[in-house]
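# Sequence and predicted structure below; questions after.
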Amino acid sequence: MISSMASTGQPIGRRDVALAVVASALGMLLMVANVQDKSVKASVLAIPLFVLVTAPILWRRARPLAVLVATFAALLLHIALFGTVTRCGVMFPVAFVLVFAAGAELGTRDGLLGMALGFVLVVAVCASDSSVDLSASPVFVVLTAAAWGIGRIVRSRTRMVSELQTRTSELRDARDQRARLEIATDRARLSAELDQLLQRRLGELARMADAGARSTDSAAAQSGLIEIERASRRTLEEMRSIVGVLRHDESGLSTAPQPALTQLDALLVRVKGADARLRIEGNPRVLPATLELSAYRIVEQLLSALDEGAGVDVRVRFGEDALEIAVAGPARRRGQAAIARARERAQLHRGTLEATVSGGRAEAIVHLPMLAGS
């Protein structure tokens, strides 16, 4: 059979149900009028059996050809049982709707077959209706063809919209792929820049080290070591900047510079408020990056060991060969864990941490060996 009467696979929607209910209700009202018309002499059974003619419209989008055939068969049965009655008021709109569905849902061959079935349906209505005669069939055939043509236009526009959506999706995928390729190209370029940076800076550091090794002046050697430290820190910062770009955004890793002792003011205000005091003594200078980071973290951990309240005092003293840190404030009952972590950091640099608690006030003194400053 013709592809199971041209099944489209479309589900039955609410509009289909509403249309079938309205058509059936109007058809039954029309049959009631026929029964009440004494000149027609229609049987009461014509009322419920007319639902067989209108009910198939429920599947108009799912199986357009099958619905046309079923409607035509039900119409012939109704004509055979009840003869000439008025049916055109409902049958013509039903025929137009079914032919429109065939034009909108089916391919060219099946759609043309649906239009032909629509012609047969309206001619049968004209031949068996008490309100119109067969001479009016050309007019309704033309209207049926118009309904089918509108359905073809709708089908064409629907396919065009679907193709545009598909093309838009393909273009979006192509755009995303191009963006990924551009990112990969940029990452490759940055990797090359990182390699060049390392080669250049390592060469500079090697030359500085050779010059310091050949020098017999201890002050010049010490100055050279400090310059090496500064150059190393600049290299690390540039490497962090480039590596930060190479990382994926979703990694969640920070690329900001490591905290330093110059940020202790902001740390105190953030953790303990504006009443906390910071004192810097001695001759502040550039420290090795690892030592400066550890010093900052030690202060941070010691502050977490203090309770909230006034009287928090932090003192940082740059000595000739050591960095001394003193943190004092209200003692917290459970601050021993933070002090233990700070002591472990200090020991990593061969330093010491001494902590005392007296009269509800805690004080920690940290001693970290370092290179003598300039």
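Here it is on my side, so go on. Numbering: from 1, shown residues only.

# give me the element residue 274 is part of.
Assigned by DSSP states H and E, residue 274 belongs to neither a helix nor a strand.

# Show me the domain layout of the chain.
3-166, 187-251, 261-369 (automatic domain parsing).

# Can you lay out those domains as a markdown table showing mean pLDDT, mean neighbour count and distance to residue 178?
To be clear about C-beta, it is placed using only N, CA and C from the backbone, and glycine gets the same treatment. Below are the domains of the chain laid out as a markdown table (pLDDT from 0 to 100; neighbours: other Cβ atoms under 10 Å; distance: least, Cβ to Cβ, whole Å):
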| stretch | mean pLDDT | mean neighbour count | distance to residue 178 |
| --- | --- | --- | --- |
| domain 3-166 | 87 | 18 | 19 |
| domain 187-251 | 68 | 13 | 15 |
| domain 261-369 | 88 | 17 | 40 |
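
# what would those domains look like in a markdown table with distance to residue 175?
Below are the domains of the chain laid out as a markdown table (distance: least, Cβ to Cβ, whole Å):
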| stretch | distance to residue 175 |
| --- | --- |
| domain 3-166 | 15 |
| domain 187-251 | 19 |
| domain 261-369 | 42 |
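
# Looking at these, which is nearest to residue 179?
Among the domains of the chain, the nearest to residue 179 by Cβ to Cβ is domain 187-251 (12.6 Å).

# Please enumerate the helices of the stretch 151-300 of the chain.
Using DSSP state H, counting those that start in this stretch, the helices of the stretch 151-300 of the chain run over residues 218-246, 264-272, 289-304.

# same question but for the stretch 1-150 of the chain, I mixed them up
3-6, 14-36, 46-49, 51-54, 64-82, 88-105, 108-128, 137-214.

# is the residue nearest to residue 349 when sequence neighbours are not counted in a bridge, and if so with what?
Nearest non-adjacent residue to residue 349, counting by Cβ to Cβ, 6 or more residues apart in numbering: residue 368, 5.2 Å away. With DSSP bridges as the criterion, residue 368 is bridged to residue 323.

# For residue 368, give me its contacts.
Residues near residue 368 by Cβ atoms under 8 Å, 6 or more residues apart in numbering: 291, 294-295, 322-325, 346, 349, 351.

# again, only using 6 Å
Counting by Cβ atoms under 6 Å, 6 or more residues apart in numbering, residue 368 touches 323, 349, 351.

# from the residues you listed, which single one is nearest residue 21?
Nearest to residue 21 among the contacts of residue 368, with distances taken as Cβ to Cβ, is residue 349, at 86.2 Å.
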